[in-house]
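Trainee: have a look at this prediction, sequence included:
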Amino acid sequence: SGAWVNTGFCECATGTVDVNGDATQCLEFVQAGFGDHGNTGFCGITTTGRLYCRYGSRLTAVDSATTWTRVVVGDNHTCGIKDGSMYCWGYNAYGELGNGTTSNSIGPVLVAVTGTESWTDVAVGSTHTCGIRGGLAYCWGDSTEGQLGNGSQGGGNISTSPSTPLPGANWTRVSAGGASTFGIRGGALYAWGLGNEGQLGTGTPDSRTVLPTQVGSATDWAQVASGSRATCGIRAGSLYCWGLNSSGQVGDDTTTARPTPTRVDSATDWTTVSSTSEHSCGKRGGSVYCWGANDRGQLGSGDSVDSSVPVQAGNASDWGQVVTKKVGSCGIRSGRLYCWGMTGFTEPTNEPTRTGSGTNWQSVAAGSSHACAIRAGALYCWGGNLYGEVGDGTTIRGREPTQVGVDTDWQSVTAGDSATCGIRAGALYCWGRKLGDSSVNPAFSSIPLRVGTASDWQLVSTHSGSVCGMRAGSLYCWGMYANGPGFSYSET
């Protein structure tokens, strides 16, 4: 989380992206967060301090403030820092939003604290959050595995606000992944939370550690990246990894689990590292190297063979940043976004592939195995097409963007597991599987079919077997999980 990454939206100049197709609103992001699932998947802060997040296929300003300085995106919630205060939004069953409640929020809520010290860092795990203010570290949310570091553990142990700081002062960095947490204080690395795979690096694969415990004795740690079951960090330019190693994710040319930090290679020019539970990527000398699982091409090495040592992703040496997510990776070169593996932004590929090469793309939406995008009002889809979700009148998989019909007034598009919906001229159309037209038999169509007769649809979103849309201020949902079995939409 918190890495510099683009969105897959249109690039309108070096280092910038186009907001919803409006070429007059080109934004350059200086800091961003990229999540695996996430309530948004991507949030970024511009050079003017504005915070934008991706909702569906749209890039939307969170508010009108111009003072955002940090944002991180997790599995189910997002947090950011503005004017020294922290705000969080998304899932909140364990109090991870930090506002004293367990109510979910679709917009930023202020993290409840006393005092005037500013927040300087924030990290989000699956169901917990940690941050640093005034040199003190705080964690809140779920502590089932001891990930809050306050001595508590077990189901039902939650904290809904950052009330008590962790032991010690002068904390400078914090990182969270899954139910594991790490912090750097005085150059020393500390770990707490779930450690069943040795991912805490404390020497033994303990099931959990409920208080911050120093990892080794080194005091020159500069960075740590928690990947849930494996962890990597950088000290004095050298790269170390530890934890689960079944796919070579430690990078030490073995598949033996490592309960303590293990030197990856002899290089001393590593500058950044990003980790997931199965693979990691890092940058040195302008080149990107990845290691670990490669079943989806997430190493970018041109094949699908796991690697227990770092292998170069592509052959470029001008990478600006690299980030990882579950079974994919993305990086920035000369302001352009490249992805590999299965990222949700591109078709799966085993080498860095540029995303958004057009010059006037307006929006993009990615489903499980297909994607759609709008350019100059025309709609294009490609990828998996088992149920006609590409909308080209066939069920043949398409590897290149194919125009859907001839219309040029599409306003938005959303892609789900095996269905697609879009709005044009206010009318809603769906195609693929589980449509909103109950007269279709069989229950899929390879061309767009109009849903009802209304022409005032404003928003539409599809996920799994359900579709939801908004018109005239009212919300309508239909499909397998909206109001029970079925797939019919009714305007009555």
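Mentor: That came in fine, so what should we check first?

Trainee: hey, which helix or strand in the protein has the poorest pLDDT?
Mentor: Of all helical and strand segments in the chain, the minimum by mean pLDDT, DSSP states H and E falls on strand 16-19, at a mean of 50.

Trainee: and Asn76, how many neighbours does it have?
Mentor: 20 (other CB atoms under 10 Å). All C-beta atoms are positioned from the backbone trio N, CA, C, and that covers glycine.

Trainee: touching, it and Gly125? I think so.
Mentor: No: with contact defined as CB atoms under 8 Å, Asn76 does not reach Gly125; the gap is 10.0 Å.

Trainee: so how far is Ala230 from the residue lying closest to Gly233 once chain neighbours are set aside?
Mentor: Among residues not flanking Gly233 along the chain, Val224 sits closest, at 4.1 Å (CB to CB, 6 or more residues apart in numbering). Per CB to CB, to the nearest Å, Val224 is found 12 Å from Ala230.

Trainee: quick one: which of these two has more around it?
Mentor: A count of neighbours by other CB under 10 Å puts Ala230 above the other of Val224 and Ala230, at 31 against 27.

Trainee: tell me if I'm right that the more buried one and Asp252 touch.
Mentor: No: the pair Ala230 / Asp252 is not scored as a contact, 11.6 Å apart, by CB under 8 Å.

Trainee: and for those two, which residues touch both?
Mentor: The contact sets of Ala230 and Asp252 overlap at Cys241, Asn245 (CB atoms under 8 Å, 6 or more residues apart in numbering).

Trainee: where does pLDDT dip in the stretch 251-400 of the chain?
Mentor: 334-337, 343-347, 355-369, 399-400 (pLDDT under 70).

Trainee: in it, which spans are strands?
Mentor: 258-263, 270-275, 279-284, 287-292, 307-312, 319-325, 328-333, 336-341, 349-354, 361-366, 370-375, 378-383, 398-403 (DSSP state E, counting those that start in this stretch).

Trainee: give me the sheet partners of the fourth one and which way each runs.
Mentor: Counting by DSSP bridges, the strands paired with strand 287-292 are strand 279-284 (antiparallel), strand 307-312 (antiparallel).

Trainee: list the contacts of that strand.
Mentor: Taking CB under 8 Å, 6+ apart as the rule, strand 287-292 contacts 230, 247-249, 251, 264, 278-283, 298-301, 306-314, 316-317, 319, 322, 324, 329, 331, 352.

Trainee: ok, now stretch 247-254?
Mentor: Against stretch 247-254 from outside (CB under 8 Å, 6+ apart): 227, 230, 232, 239, 241-245, 255, 257-258, 262-265, 275, 277-280, 291-294, 306-310.

Trainee: just the buried ones from these?
Mentor: 227, 230, 232, 239, 241-245, 257-258, 262, 264-265, 275, 277-280, 291-294, 306-308, 310 (16 or more other CB atoms under 10 Å).

Trainee: could you list the buried residues of stretch 156-165?
Mentor: So for stretch 156-165, counting by 16+ other CB under 10 Å, buried means Asn157, Ile158, Ser159, Thr160, Ser161, Pro162, Pro165.

Trainee: now the strands of the stretch 251-400 of the chain in JSON lines, with distance to Ser180?
Mentor: Shown next, in JSON lines, are the strands of the stretch 251-400 of the chain (distance: least, CB to CB, whole Å):
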{"stretch": "strand 258-263", "distance to Ser180": "13"}
{"stretch": "strand 270-275", "distance to Ser180": "11"}
{"stretch": "strand 279-284", "distance to Ser180": "15"}
{"stretch": "strand 287-292", "distance to Ser180": "17"}
{"stretch": "strand 307-312", "distance to Ser180": "22"}
{"stretch": "strand 319-325", "distance to Ser180": "16"}
{"stretch": "strand 328-333", "distance to Ser180": "21"}
{"stretch": "strand 336-341", "distance to Ser180": "23"}
{"stretch": "strand 349-354", "distance to Ser180": "29"}
{"stretch": "strand 361-366", "distance to Ser180": "29"}
{"stretch": "strand 370-375", "distance to Ser180": "33"}
{"stretch": "strand 378-383", "distance to Ser180": "34"}
{"stretch": "strand 398-403", "distance to Ser180": "39"}
